[in-house]
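Asks: Sequence first, then the predicted structure:
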Amino acid sequence: MKEFTTKVKKAVIPVAGFGTRMFPATKVVKKELFPIIDKDGRAKPIILIIVEEAINSGIEEVGIVVQKNDIPVFRDFFQVLPSYYEKLSPDKQEYCQYLQNLGSKVTFLTQSEQVGYGHAVFCAKDWVGDQPFLLLLGDHIYASEVKQSCTNQILQIYAQTNQNVIGVRIISGTETHHYGCIGGNLVADGLINIDAIYEKPYLNFAREKLHVAGMKEDEFLAVFGIYVLTAKIFDYLEENIKQNAREKGEFQLTSCLDKLQKTEGMTTYLVKGKCFDTGMPDVYWQTMIDYKFH
Ligand code: G1P
């Protein structure tokens with residue numbers, strides 16, 4: 001892929017959930033603050049890796065959706081804290097300045113009640129405005145298999161198609177009930193013609209409705225964690241919220257994505273890279289081992 005300049009300026013990262021899959025640690029520590037050791041041997045909280053993924057891909061401003069009570073801990077992370085700073089070696093002090101600079105690009109948005117991922121995205125509506133925006137899951141980190149980062153690949157597809165884009169990856173039939181899954185047809189260059197998006201389908205449903213021609217039996221396409229969406233998504237989310245249209249008690253994003261793909265069109269792209277879902281204990285553990293060497 002060639003170099004390009006992205007037209008997408010803002011990224012939204014929802015981190016306002018309770019992270020119950022990481023119980024009991026998440027009773028006291030936000031899962032987005034759990035550390036991962038990177039290839040330089042730095043212990044980085046997951047949120048930092050995600051903010052870097054966005055900024056290093058050309059995004060100018062990042063909106064992090066948090067619970068109000070969690071603002072201080074996230075804010076502190078991006079600030080120079082004098083008594084802590086004094087204890088650091090010069091190279092670490094320099095790194096603190098880098099974090100502060102990164103933090104100047106971050107705005108905290110709040111979700112007052114924890115009523116689902118779709119609702120958390122909706123909380124970014126006013127901050128985003130009417131421009132297309134990048135959406136990154138708050139617990140996924142990425143390792144690209146090509147020179148461009150995973151986010152950059154998605155932004156480039158958006159630049160080429162001018163249409164909503166969802167990154168996908170291949171999962172096995174045993175995982176479909178954990179992820180948003182996509183049905184359609186594989187076309188050239190990792191692009192998929194999408195015809196359905198469904199939240200956490202059981203295997204039988206996936207076999208019946210989400211099989212992608214050309215893929216192996218019991219392999220499916222799941223959300224990768226990186227999306228470029230138009231502001232139209234907020235209309236669909238608002239409709240559901242106003243009508244109290246909940247799924248499993250929560251306002252979901254996926255059903256609104258399905259509406260969006262039907263009305264505006266959507267490109268699905270098989271990302272050349274790996275995503276690590278750090279929101280699940282076993283995958284978090286494996287990420288600790290694999291991420292350092294990617
Ligand atoms: C959310 C999305 C789902 C996606 C998943 C990845 O679900 O709704 O489509 O596949 O993230 O972790 P959640 O993890 O909030 O249950």
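Replies: Received it, and whenever you're ready, just let me know what you need.

Asks: residues contacting residue 145?
Replies: 272, 273, 274 (Cβ atoms under 8 Å, 6 or more residues apart in numbering). To be clear about C-beta, it is placed using only N, CA and C from the backbone, and glycine gets the same treatment.

Asks: wait, doesn't residue 20 sit right on residue 26?
Replies: Yes - applying Cβ atoms under 8 Å, one finds residue 20 in contact with residue 26, separated by 6.8 Å.

Asks: Looking at these two, which is more packed in?
Replies: residue 26 (18 against 11; other Cβ atoms under 10 Å).

Asks: What is the burial count for residue 32?
Replies: Neighbour count of residue 32, defined by other Cβ under 10 Å: 27.

Asks: does it really touch residue 138, like I thought?
Replies: Yes - judged on Cβ under 8 Å, residue 32 makes contact with residue 138 at a distance of 5.2 Å.

Asks: hey, what's in contact with both of these two?
Replies: Both residue 32 and residue 138 are in contact with 15, 46, 47, 50, where contact means Cβ under 8 Å, 6+ apart.

Asks: ok, and the most crowded of the residues you listed?
Replies: residue 50 (28 neighbours).

Asks: got a list of what that one touches?
Replies: Contacts of residue 50 by Cβ under 8 Å, 6+ apart are 13, 32, 136, 138, 140, 141.

Asks: How much space separates the closest residue to the ligand within the stretch 51-200 of the chain from residue 61?
Replies: Residue nearest to the ligand within the stretch 51-200 of the chain: residue 180 (2.4 Å; Cβ to the nearest ligand atom). Taking Cβ to Cβ, to the nearest Å as the measure, residue 180 falls 26 Å from residue 61.

Asks: between those two, who's got more neighbours?
Replies: residue 180 (24 against 17).

Asks: ok, that one touching residue 223?
Replies: Yes - between residue 180 and residue 223 there is a contact at 4.1 Å, judged by Cβ under 8 Å.

Asks: Are any of the contacts of residue 50 buried, and if so which?
Replies: 13, 32, 136, 138, 140, 141 (16 or more other Cβ atoms under 10 Å).

Asks: quick one: the fourth one is in a helix?
Replies: Meaning residue 138. No - counting by DSSP: H, G, I helix; E, B strand; the rest coil, residue 138 is not found in a helix; it is coil.

Asks: Tell me the predicted confidence for the residue nearest to it when sequence neighbours are not counted.
Replies: What sits nearest to residue 138 in space, not counting adjacent residues and going by Cβ to Cβ, 6 or more residues apart in numbering, is residue 15, at 3.8 Å. Listed pLDDT for residue 15 reads 98.

Asks: which residues touch residue 15?
Replies: Per Cβ under 8 Å, 6+ apart, neighbours of residue 15: 30, 32, 47, 64, 65, 66, 70, 74, 138, 139.

Asks: Correct me if wrong: the fifth one contacts residue 123.
Replies: Yes - Residue 65 sits in contact with residue 123 when judged by Cβ under 8 Å, with a separation of 5.2 Å.

Asks: what do those two both touch?
Replies: With Cβ under 8 Å, 6+ apart, residue 65 and residue 123 have common neighbours 14, 16, 109, 110, 111.

Asks: May I ask which two of the residues you listed are separated the most?
Replies: 14 and 110 (11.1 Å; Cβ to Cβ).

Asks: Who are the contact partners of the closest residue to residue 173 other than its chain neighbours?
Replies: Using Cβ to Cβ, 6+ apart and skipping residues adjacent in sequence, the residue nearest residue 173 is residue 218, 3.7 Å away. Counting by Cβ under 8 Å, 6+ apart, residue 218 touches 172, 173, 203, 207.

Asks: give me the element the last one is part of.
Replies: Put plainly, it is residue 207. helix 203-209 (DSSP states H and E).

Asks: How about that helix, which residues are buried there?
Replies: So for helix 203-209, counting by 16+ other Cβ under 10 Å, buried means 203, 206.
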